[in-house]
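Undergrad: just need the structure, nothing else, for what follows:
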Amino acid sequence: PTNYSSTRSTTIHFTSMAAAASSTKQDHPLCYDVKRPLDLKQVARGYHNATREYDYWVPEADIEGKVPRELHGTLLRNGPGLLEIYGKRLIHPIDGDGMIVALSFIDGRVHLRTRFVASKERQEEQHERKFIYRGQMGTHPRSALWDTASFFGHLLTLRWPALHYRNPSNTNVFYWGGKVISSYETGLPHTLDPHTLDTLGLDDFNGALKLKAFAAHFRLDMKNKRLVCMGLKPGVGSYKPTLVIYEFDERWTLLQSQVHHIQGLNYAHDFLLLPDYYVFHMTPFANMSWMSVLKVYMGWSSPGQLLQHYPHLPSRFIVIPRHKGAKHQEIRFMDTDPFHIFHFGIAEQKGDDIITFNAVCLGPKFNMTFENEIWLSNASVAPGNVFSFTLNLATSKCESSKGPVDPASVEFPTTHPYRHGVPNTRYSYLMASDRKGCNLPYRDVVKYDAQREQRQVWYSHGCVGEPVFVPRRGWDSWKEGDEDDGFVVVQLYVPELHRTEFVILDAKHVDRGPVTRIKLKHHIPYGFHGTFAPEVFVDSHCLPKAKL
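TA: The predicted structure follows:
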């Protein structure tokens, strides 16, 4: 790879890892050659079932390099732990039960704990030892013919059939106000015990979540010490969608909420938080017509399978005032190109009128096909690319970059977790495929500097997950230190070995490769999203002592 334009610079570093050469030869003769082609059938094994739950201190002999002493806290990561349930092969990983990973860093030592979220549906299926509840992505215990017959049978008795989807609680996990929260956007979140990861049950946050839905993504306003989150229920036909935005303090007191019924806003996975505004994207990929609903009820399709481009639907950004002090009190709608956005990157409010941000955009050919069983969508045909945007609230106009601001195929962007909407934020960390002609699998980590239009790339020796930025200064980093003063922790799968590693990168120098490699002796399935809490929930007095 070389520079892609005269205005963007790329730092490239194929990490040799000479110090690991001896163990490399013992493990596999090729598996640490970062340029080697990967066998996609081996890559697909990364989604295979987790065979057990874990709870142990990682032996020092399995850690290459030193764990930085400043890295203190817990990486929490969520994702599907199962691709098969009692003999039923899932159509898509999003239908799989969530498995939480807690990787704790204490005084240079590492503790691993994994637990499945004990949802109602999972417990019932474990008791019956069979797959019972359908998934949003189309996995179904019965046939479409059975559903069609059931649908017309209900109509003959003047009853509308009920649909019960599983709540796998597999999309995100975070710590706030003494609770670990596991989320899946079409239902209530689950609360887990931070010390054991035991599931305590569904949580409506003291009755605040009246919509019974809690989106996968949230934002933190650390200046005001607020958790900002949202829930969305789509509309059908003439029934408008319902969007609720919540702001909680550290004791889970609901400080404010807004309810909006915006025609066409039928899906929102993520949003932007700014001092005075919230920003959402109205996707042209969610069509809630009566015909679509009938297809779902009769078993011909599922909500996830219907996520595709509908040319007659608008693609636009929605800007909602956050409080009465905002200059623009009316909701603004700004048309943009036809794409779908799952995830936003950095954002900044400039004065009263201008909002700038970037996002990973998926083009009109995007759909949720489980491609080659290695990724959640058809990224080889419709890759995710980073585009930048400027919204002018005074003119209600949107301007976008003429093309991607970074050349890689990317997803799962992360930023400094405590600087959402803070002026002069620059850095995004991207799960990427930066190999020429290859949009999949994701093997690399890109650090993109939006201010200078520069990038660093780490080319890994396996398949990477979401890169989680960990600020060195913890909760206070929203106001202290450089924006990239910290670490990036990445889950990595080595296909040839069917083993998982966790890799620690210096966030200032991602291109230099791992500071530390935590090499597990087993596999943990690919994850979706994760966060880092500058708290530990493992008794430090139980630190193991080496004995000969």
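Undergrad: quick one: low-confidence parts of the protein?
TA: 1-31, 540-548 (pLDDT under 70).
Undergrad: switch to 50 and redo it
TA: Within the chain, the stretches with pLDDT under 50 are 1-26, 541, 546-548.
Undergrad: which helix of it spans the most residues?
TA: The helix that spans the most residues within the chain, counting by DSSP state H, is helix 144-156.
Undergrad: buried stuff in that helix?
TA: For helix 144-156, the neighbour count (16 or more other Cβ atoms under 10 Å) marks Asp147 as buried. To be clear about C-beta, it is placed using only N, CA and C from the backbone, and glycine gets the same treatment.
Undergrad: can you list contacts of that helix?
TA: His140, Trp160, Pro161, Tyr297, Met298, Gly299, Trp300 (Cβ atoms under 8 Å, 6 or more residues apart in numbering).
Undergrad: relative to Ile91, how far out is the closest residue to the fourth one other than its chain neighbours?
TA: It stands for Tyr297. Excluding the flanking residues, the one nearest Tyr297 by Cβ to Cβ, 6 or more residues apart in numbering is Phe151, at 5.3 Å. Distance of Phe151 to Ile91, computed by Cβ to Cβ, to the nearest Å: 20 Å.
Undergrad: I'd say Val446 and Ala408 touch.
TA: Yes - counting by Cβ atoms under 8 Å, Val446 touches Ala408, with 5.3 Å between them.
Undergrad: what residues are shared contacts of the two?
TA: In contact with both Val446 and Ala408: Leu430, Ala432, Asp434, Val457, using Cβ under 8 Å, 6+ apart.
Undergrad: neighbour-wise, which one of those residues leads?
TA: Compared across the shared contacts of Val446 and Ala408, Ala432 has the highest neighbour count, 32 neighbours, by other Cβ atoms under 10 Å.
Undergrad: show me what the host helix or strand of that residue is packed against.
TA: According to DSSP states H and E, Ala432 maps onto strand 427-433. Applying 3 or more Cβ pairs under 8 Å, 6 or more residues apart in numbering; DSSP states H and E, one finds that strand 427-433 contacts strand 340-350, strand 409-414, strand 444-449, strand 468-471.
Undergrad: how about those in a markdown table, adding distance to Ala286 and mean neighbour count?
TA: Shown next, in a markdown table, are the helices and strands packed on strand 427-433 (distance: least, Cβ to Cβ, whole Å; neighbours: other Cβ atoms under 10 Å):
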| stretch | distance to Ala286 | mean neighbour count |
| --- | --- | --- |
| strand 340-350 | 9 | 23 |
| strand 409-414 | 19 | 24 |
| strand 444-449 | 28 | 25 |
| strand 468-471 | 28 | 24 |
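Undergrad: out of those strands, the one nearest Thr516 is which?
TA: Ranking these by their distance to Thr516 (criterion: Cβ to Cβ) puts strand 468-471 first, at 12.2 Å.
Undergrad: next secondary structure after the closest one?
TA: Downstream of strand 468-471, the first helix or strand assigned by DSSP H and E is strand 486-494.
Undergrad: same for that following strand, what does it pack against?
TA: Judged by 3+ Cβ pairs under 8 Å, 6+ apart, strand 486-494 is in contact with strand 444-449, strand 463-464, strand 468-471, strand 499-506.
Undergrad: now the longest one and strand 427-433, what's the angle there?
TA: Just to be clear, that refers to strand 499-506. 150 degrees (axes from the mean of the first three to the mean of the last three Cα atoms, to 10 degrees).
Undergrad: now strand 499-506 and strand 486-494, what's the angle there?
TA: Using the same axes, to 10 degrees: strand 499-506 against strand 486-494 is 160 degrees.
Undergrad: can you list contacts of strand 499-506?
TA: Residues outside strand 499-506 that contact it (Cβ under 8 Å, 6+ apart) are 65, 67-68, 71, 75, 103, 110, 445, 458, 460, 462, 467, 487-494, 512-524.
Undergrad: quick check on these: which are buried?
TA: When burial is judged by neighbour count using 16+ other Cβ under 10 Å, the buried members of the contacts of strand 499-506 are 67-68, 71, 75, 103, 110, 445, 458, 460, 462, 467, 487-494, 513-520, 523-524.
Undergrad: helix, strand, or coil at Thr356?
TA: Put simply, Thr356 is strand when judged by DSSP: H, G, I helix; E, B strand; the rest coil.
Undergrad: who's in contact with it?
TA: Counting by Cβ under 8 Å, 6+ apart, Thr356 touches Ala347, Glu348, Lys350, Ser388, Phe389, Thr390, Leu391.
Undergrad: against Asp97, how distant is Asn170?
TA: Between Asn170 and Asp97 the distance is 7 Å, computed by Cβ to Cβ.
Undergrad: what do those two both touch?
TA: Pro80, Gly81, Val117.
Undergrad: contacts only, for Pro525.
TA: Pro525 sits next to Gly46, Tyr47, His48, Asn49, Ala50, Gly79, Pro80, Gly81, Leu82, Leu83, Met99 when contact means Cβ under 8 Å, 6+ apart.
Undergrad: try it again with 7 Å
TA: Gly46, Tyr47, His48, Ala50, Gly79, Pro80, Gly81, Met99 (Cβ atoms under 7 Å, 6 or more residues apart in numbering).
Undergrad: just the residues you listed now: which is nearest Ser477?
TA: The closest of these, once distances to Ser477 are taken by Cβ to Cβ, is Gly79, at 26.0 Å.
Undergrad: chain neighbours aside, what residue packs nearest to the closest one?
TA: Among residues not flanking Gly79 along the chain, Gly527 sits closest, at 3.2 Å (Cβ to Cβ, 6+ apart).
Undergrad: mind checking the SS state of that neighbour?
TA: Using three-state DSSP, the structure places Gly527 in coil.
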